[in-house]
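Peer 1: Mind looking at a prediction? Sequence and model below.
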Amino acid sequence: MLTYEVYQLKVQQFGFINYIYLIIDKYTKKTAIVDPSWNTVTVFNLLDKLKVEVDAILLTHSHIDHVYMTDALLQRYQNAKVYMSDVECSYYNFFSRNLIRLHDMNMIRIGETNVTCILTPGHTKGSMCYLLEESLFTGDTSFFRRVWDVQGTRCKCL
Ligand SMILES: [Zn+2]
């Protein structure tokens, strides 16, 4: 049985359409939010309805439509940790309070739920994917067009 539940929220602002994800650890109710973009009130209402608080903010990359709400979240959940790849932070001068800079294959724990952080440069210099037991959060990194084998060489398009 999975140790976590995922909630998807479709949000839009400034002509962008984005998806925000909540990862809630079933046993501890520890909660991570992936790529908090906009619609802060909607997100706060959902968190309140689910009776959870944000413990971790997982950022796949530094584009504004993936990080915009980070400050608002930190004002409400002061101890939440903010995760982004070390490469991304350095290359784009990203900074936030409570920032933890990740390296390829680092592990994060959300309660009883393990998250593997996989560096996937391409969309940005330091894009990072977050892998859970049965979920992969890719941000704007697309896996639809290209498939890579384990050596990292390019395979045929499917
Ligand atoms: Zn992007």
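Peer 2: Great, that's in hand.

Peer 1: and this protein, which of its residues are near the ion?
Peer 2: By the rule CB under 5 Å from the ion, the part of the chain lying against the ion is 63, 140. For every residue, glycine as well, the C-beta is placed using N, CA and C.

Peer 1: show me where the chain has helices.
Peer 2: 40-50, 64-67, 70-76, 86-91 (DSSP state H).

Peer 1: For the ones you listed, please prepare JSON lines with the additional fields distance to residue 109.
Peer 2: As requested, these are exported to JSON lines (distance: least, CB to CB, whole Å):
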{"stretch": "helix 40-50", "distance to residue 109": "20"}
{"stretch": "helix 64-67", "distance to residue 109": "22"}
{"stretch": "helix 70-76", "distance to residue 109": "19"}
{"stretch": "helix 86-91", "distance to residue 109": "19"}
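
Peer 1: can I get those helices in JSON lines with mean pLDDT, distance to residue 128 and mean neighbour count?
Peer 2: Output for the helices of the chain, formatted as JSON lines (pLDDT from 0 to 100; distance: least, CB to CB, whole Å; neighbours: other CB atoms under 10 Å):
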{"stretch": "helix 40-50", "mean pLDDT": "97", "distance to residue 128": "21", "mean neighbour count": "14"}
{"stretch": "helix 64-67", "mean pLDDT": "95", "distance to residue 128": "11", "mean neighbour count": "18"}
{"stretch": "helix 70-76", "mean pLDDT": "98", "distance to residue 128": "15", "mean neighbour count": "16"}
{"stretch": "helix 86-91", "mean pLDDT": "98", "distance to residue 128": "7", "mean neighbour count": "17"}
